[in-house]
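Trainee: Pasted the sequence and its predicted model underneath.
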Amino acid sequence: MALSNGNPAPSLTQEILGQLGLANKTAAWGTLGTLRTFLSFSVDKDVQRLLRAITGQGVDRGAIVDVLTNRSREQRQLISRAFQERTQQDLLRSLQAALSGHLERIVVSLLQPAAQLDAQELRTALKASGSAEDVAVEILATRAPAQLQACLALYKHDFQVEAEEDIKSTTSGILQDLLLALAKGGRDSYSGIIDYNLADQDVQALLQAEGPSTEGPWVLIFTQRNPEHLNRVFDQYQRCTGQEVEEAVQNRFHGDARDALLSLASVIRNTALYFADKLHRALQEAEPNYQVLMRILVSRSETDLLSIRAEFKKKFGKSLYSSLQESVKGDCQPALLALCRAEDI
């Protein structure tokens, strides 16, 4: 097998991430993640192990999975740079040449900067028919402000167009308004102070927005208020009307806009449960939706995958780990199980 020559990760990518304070993030932000910074980390040993895995007799997939799923994303970036310096080969391209199928896609996801992976997933969703309201809401609504900013900066760099322009050209109506509002990243941060007057005003605004062309308050409130405030608004709305806000959305909206608002409400109520539901649906399909499984397990492995696992077990009565074991086949199974990490008894 010949290794292909490649270039190091684009310097602009590192520059953008560095300016946003994401290039050197530590494990402190991933306390609810399944994957932490590897304490006995030796970049030289990892480079040598990966080199042996792809140049020996046959590809050692187990070694590749073991290294990449036991290192933080920051450590994987260090391995990539060291591999380039020592071998004059690009690690990502070398592994792509050695692997195929779903395992290759997982490895690519693990080795890319998180913002770059988000940008690519967002672009694919906006360009693919019928997935904008699902994947775009997931990325735009669940990333921290700095992560979203980095994603949109790399979107512009990689695709030579602003994400907002693609949103405008591929969506319309309320869905477009929602995605554009989310992409602005203008959601209020929680100050710790409960604003009862604003909660009352928001509930009244939702109640009064019942006629034609009165979707504005729904979009504004769902995309601008912080989750703590919104959960109070949702509870108060139910007390006033006798129905949950999700039921009102079902009756009030249609199609993609309804689905996007329901997804957004789910994120607001319980982000970990939102992801648990998505993973369960992906596993229930006749053929597991590997794209969804990979995107969520990779993107949440250093953030809140422990919480997602707990919600999965609580709602579905079976652990995520066991569900993956039963449904996922092929050489990508060990990688997904390694990211999930452990059985929940």
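Mentor: The structure has been received and is ready for your questions. This one's a predicted model, so the numbers in the text were calculated from it and none came from an experiment.

Trainee: what's the domain layout of this structure?
Mentor: 11-113, 115-183, 196-269, 278-340 (automatic domain parsing).

Trainee: Please identify which helix or strand holds the residue nearest the centre of the chain.
Mentor: When the chain is reduced to its mean C-alpha position, the nearest residue by CA atoms, centre = their mean turns out to be Ser299, at 4.6 Å. Taking DSSP states H and E as the definition, one finds Ser299 inside helix 290-300.

Trainee: Do a quick rundown of the helices in the stretch 201-345 of the chain.
Mentor: For the stretch 201-345 of the chain, the helices defined by DSSP state H, counting those that start in this stretch cover 216-224, 227-241, 245-252, 255-269, 271-284, 290-300, 305-316, 320-327, 333-340.

Trainee: how about the first one: buried residues?
Mentor: Within helix 216-224, the residues scored as buried using 16 or more other CB atoms under 10 Å are Pro217, Trp218, Val219, Leu220, Ile221, Phe222, Thr223, Gln224. Glycine gets a C-beta too; all of them are placed from N, C-alpha and C.

Trainee: got the contact list for that helix?
Mentor: For helix 216-224, the external contacting residues (CB atoms under 8 Å, 6 or more residues apart in numbering) are 174, 177-178, 181-182, 186-188, 202, 205-206, 208-209, 230, 233, 249, 252-253, 261, 264-265, 268.

Trainee: Who are the contact partners of Pro145?
Mentor: Gly185, Arg187.

Trainee: sorry, back to before: model confidence over the helix holding Ser299, on average?
Mentor: What helix 290-300 shows for mean pLDDT is 97.

Trainee: surely Ala199 meets Tyr237?
Mentor: No. Using CB atoms under 8 Å, Ala199 makes no contact with Tyr237, being 9.7 Å away.

Trainee: By mean pLDDT, point me to the weakest helix or strand of the protein.
Mentor: helix 11-19 (a mean of 48; mean pLDDT, DSSP states H and E).

Trainee: Tell me the first helix or strand C-terminal of that one.
Mentor: helix 43-55.

Trainee: where does the protein have low pLDDT?
Mentor: Applying pLDDT under 70 to the chain picks out residues 1-31, 129-131, 211-214.

Trainee: 80 - rerun?
Mentor: Low-confidence segments of the chain (pLDDT under 80): 1-31, 129-132, 209-214.

Trainee: who's sitting farthest from the centroid in it?
Mentor: Residue farthest from the centre of the chain, counting by CA atoms, centre = their mean, is Gln57 at 36.0 Å.

Trainee: hmm, which of the contacts of helix 216-224 are the buried ones?
Mentor: 174, 177-178, 181-182, 187, 202, 205-206, 209, 230, 233, 249, 252-253, 261, 264-265, 268.

Trainee: can you count the residues close to the closest residue to Lys315 other than its chain neighbours?
Mentor: Distances taken as CB to CB, 6 or more residues apart in numbering place Ala276 nearest to Lys315, at 6.2 Å, with adjacent residues excluded. For Ala276, the count of nearby residues is 23 (other CB atoms under 10 Å).

Trainee: The one 4 residues further on too?
Mentor: Applying the criterion other CB under 10 Å, we find 16 residues in the vicinity of His280.

Trainee: burial of the nearest residue to it once chain neighbours are set aside, as a residue count?
Mentor: Take His280 and drop its neighbours on the chain: the residue closest to it by CB to CB, 6+ apart is Phe316, 5.7 Å away. Using other CB under 10 Å, Phe316 is surrounded by 16 other residues.

Trainee: Look up how far Ala97 lies from Phe316.
Mentor: Using CB to CB, to the nearest Å, one obtains 39 Å as the distance from Phe316 to Ala97.

Trainee: Gly62 too?
Mentor: In terms of CB to CB, Gly62 sits 18 Å off from Ala97.

Trainee: Between those two, tell me which one has more neighbours.
Mentor: Taking neighbours as other CB under 10 Å, Gly62 and Ala97 compare with Ala97 leading, 18 against 12.
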